[in-house]
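Colleague: structure for this input, please:
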Amino acid sequence: MESVIVAALALIGTLAGTYFSNRKGTALIAYRLEELEKRVEAHNNLVERMYQVEERTELQEEKIKVANHRIEDLERKAEE
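Modeller: Numbering: from 1, shown residues only. Reported below is the predicted structural model:
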């Protein structure tokens, strides 16, 4: 009879230990996942901003080409 009680207590202790251990592990995983999501969001924002910068750079380069072409035309007219 004593061995059954000892075994039942050991089972309860094992189950309780496993439950609390898994609970703590799950909380840690949830925290790390949340932090990772924040980093991914920051990265995505950076990618969006870089895309916008690239678009503006292309536009500025095109404006510079047009301005240089106009300057060349004005210089040719001035030489004539």
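
Colleague: all helices for this structure, in order.
Modeller: Under the criterion DSSP state H, the chain contains helices at 2-79.

Colleague: could you find the residue nearest the spatial middle of it?
Modeller: With distances taken as CA atoms, centre = their mean, V40 lies nearest the centre of the chain, 1.1 Å away.

Colleague: okay, it: pLDDT?
Modeller: For V40, the model assigns a pLDDT of 92.

Colleague: and it, how far from L46?
Modeller: Separation of V40 from L46 (CB to CB, to the nearest Å) stands at 11 Å. Where C-beta positions appear, they are placed from N, C-alpha and C, glycine not excepted.

Colleague: cool, R23 as well?
Modeller: Noted for R23: a distance of 35 Å to L46, by CB to CB.

Colleague: same question, E79
Modeller: In terms of CB to CB, E79 sits 49 Å off from L46.
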